[in-house]
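Chemist: Return atomic coordinates for the entry below.
(one chain, ligands or ions: 2)
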Amino acid sequence: MPTQPNYLRIATEEAFAPPELIARYRKLLNDGYDDPGFRSLWGFYSGSSPRATALAERIQDLGERRLRDMDDSGIAMQILSLTAPGVQVFDAPEATALARSFNDQLSEAILKRPDRFSGLAAIAPQDPTGAAKELERGVRQLGLKGAIINSHTRGEYLDDSKFWPIFEAAEHLNVPVYIHPTTPPKSMIGPFIERGLDGAIFGFAVETGLHLLRVIVSGVFDRFPKLRIVVGHLGEGLPYWLFRIDFMHRAMVKANRYASVQKLQKQPSDYIKENVYVTTSGMAWEPPILYAQSVLGVDRVLYAMDYPYQFVPEEVQVTDNLPISDADKEKLYQTNAEQVFSL
Ligand code: 1DF
Ligand code: MN
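Modeler: Residues are numbered from 1 along each chain as shown. Ligands and ions are numbered 1, 2, ... in the order given. Below is the predicted model:
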């Protein structure tokens, strides 16, 4: 166990799955649910390989087992979220009911250990106004700290104005929306899945980076200027692209090339710097962490482990050993999370 420093390590993208969710995923698979990404992901994790069985054990626990792993890796607190794809693969009424039930279960676990656990509300974007209401209930009544949305919902993206009630609620409640990865939708997954690149290795980042970029260029942040979005994996590739996105967006607007690409109040990169926070989930590697801090600012990068998918206790040392000041390390590990999630 790493020595206890004078900051708390708060991990911000940590997954759980109630047994009922896994049972419902199995049923979808058995019923032939036609989403190759979902079948690839949960076909694997509901199977009997060593990785899948170890994962299944950890992801369903919201008590002692998880706390022991947190102690062993020096994690003071986990911000919990329902694992991908959450309830977003179910029909709207079922998804809405499941989100409620899972949020209740999550808040019970948090109430038992408020010193170690916090959490985000699962919502069903299939029913946008129901999702907005559940977010409000989650925050106001259950004490949850924001919403988790696992990227596309049955092939649809949050820039569609029908989803705006969710952003309106998040802005009004002053809580962030964490856009977490899922596998690319059927319309996009072909070339990924042929080479096993649909999941966390790359497809997740392409899908989720695309999702955030769609939200930005559609003008969501002009409409909801106080909305805050969190994305994992150090920004799903986007921080590396800021210069080119700004340049090309400007050129496209000037040429009036697409009716769907209109001038925004700011440059695309400005929204990433002002409305977006990134976490280090799955990216325990010094160069991109320092890069993200340098282009986005040290106040905008938060620590995450991605437990239990990437439970590698030694990786915490990478973050501990970053060549940055203790004050910046405290921001990365603790105080940025406290601010973003109002802990
Ligand atoms: C994996 C990775 C799965 C992440 C996840 O949820 C997940 C994985 C289903 O390794 O298959 O959240 N991740 O965020 O990197
Ligand atoms: Mn994750």
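Chemist: any idea where the strands of the protein begin and end?
Modeler: For the chain, the strands defined by DSSP state E occupy 10-16, 77-82, 117-119, 121-122, 147-149, 177-179, 229-231, 276-279, 301-302.
Chemist: Tally up the residues packed near Ser107, please.
Modeler: Counted by other Cβ atoms under 10 Å, the residues lying close to Ser107 total 18. For glycine as for every other residue, the C-beta is placed from the backbone atoms N, C-alpha and C.
Chemist: quick one on the thing from earlier: want to try TSV for the strands of the chain, with distance to ligand 2 as columns?
Modeler: Listed next are those as TSV, based on distance: least, Cβ to the ion, whole Å:
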stretch	distance to ligand 2
strand 10-16	5
strand 77-82	8
strand 117-119	14
strand 121-122	14
strand 147-149	10
strand 177-179	9
strand 229-231	11
strand 276-279	9
strand 301-302	13
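Chemist: Let me have those in TSV, extended by mean neighbour count.
Modeler: Shown next, in TSV, are these (neighbours: other Cβ atoms under 10 Å):
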stretch	mean neighbour count
strand 10-16	26
strand 77-82	26
strand 117-119	25
strand 121-122	28
strand 147-149	28
strand 177-179	25
strand 229-231	26
strand 276-279	26
strand 301-302	26
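Chemist: Nearest to ligand 1 among these would be which one?
Modeler: strand 10-16 (5.4 Å; Cβ to the nearest ligand atom).
Chemist: Enumerate the residues of the stretch 101-250 of the chain near ligand 1.
Modeler: The stretch 101-250 of the chain comes close to ligand 1 at residues 181, 199-200, 232, as judged by Cβ under 6 Å from any ligand atom.
Chemist: Minimum distance to Ser101: which of the strands of the chain has it?
Modeler: Minimum separation from Ser101 across these (Cβ to Cβ) falls at strand 121-122, 9.5 Å.
Chemist: nearest to Val215, of the residues of the stretch 101-250 of the chain next to ligand 1?
Modeler: Minimum distance to Val215 across these is 14.5 Å, recorded for Pro181 (Cβ to Cβ).
Chemist: Need the pLDDT of Asn6.
Modeler: We have a pLDDT of 89 for Asn6.
Chemist: Now do the same contact list for it.
Modeler: Residues counted as contacts of Asn6 (Cβ atoms under 8 Å, 6 or more residues apart in numbering) are 326, 330.
Chemist: farthest pair in the residues of the stretch 101-250 of the chain next to ligand 1?
Modeler: The largest separation in these, counting by Cβ to Cβ, is between Gly199 and Gly232 at 13.9 Å.
Chemist: Could you check which of those two has the larger neighbour count?
Modeler: Using other Cβ under 10 Å, the more surrounded residue of Gly199 and Gly232 is Gly232, with 24 against 21.
Chemist: thinking that one is in contact with Val276, fair?
Modeler: No - the pair Gly232 / Val276 is not scored as a contact, 11.5 Å apart, by Cβ atoms under 8 Å.
Chemist: Find out how far stretch 48-64 is from the centre of the chain, if you would.
Modeler: 20 Å (Cα atoms, centre = their mean, to the nearest Å).
Chemist: in that stretch, what's buried?
Modeler: 55-56, 58-62 (16 or more other Cβ atoms under 10 Å).
Chemist: With stretch 243-259 instead?
Modeler: Within stretch 243-259, the residues scored as buried using 16+ other Cβ under 10 Å are 245-246, 249.
Chemist: Redo those residues as TSV? Include distance to Thr96.
Modeler: Putting these into TSV (distance: Cβ to Cβ, whole Å) gives the following:
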residue	distance to Thr96
Ile245	35
Asp246	39
His249	36
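Chemist: Make JSON lines out of those residues and add pLDDT.
Modeler: Shown next, in JSON lines, are these (pLDDT from 0 to 100):
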{"residue": "Ile245", "pLDDT": "98"}
{"residue": "Asp246", "pLDDT": "98"}
{"residue": "His249", "pLDDT": "98"}
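Chemist: Give me the residue ranges of the stretch 151-300 of the chain where confidence is low.
Modeler: Confidence mapping of the stretch 151-300 of the chain against pLDDT under 70 gives zero matching residues.
Chemist: Name the residue of it that lies nearest to ligand 1.
Modeler: Counting by Cβ to the nearest ligand atom, the stretch 151-300 of the chain gets nearest ligand 1 through Ala200, at 3.5 Å.
Chemist: from what I can see that residue touches Glu236, true?
Modeler: No - contact criterion Cβ under 8 Å: Ala200 and Glu236 do not qualify, at 11.4 Å.
Chemist: mind listing the helices for the stretch 151-300 of the chain?
Modeler: 164-173, 186-193, 203-217, 220-223, 233-236, 242-255, 268-274, 286-296 (DSSP state H, counting those that start in this stretch).
Chemist: Can you tell me which of the ones you listed is packed in deepest?
Modeler: With neighbours taken as mean count of other Cβ atoms under 10 Å, the helices of the stretch 151-300 of the chain reach their highest mean count in helix 233-236, at a mean of 25.
Chemist: That's all I had, so thanks and see you.
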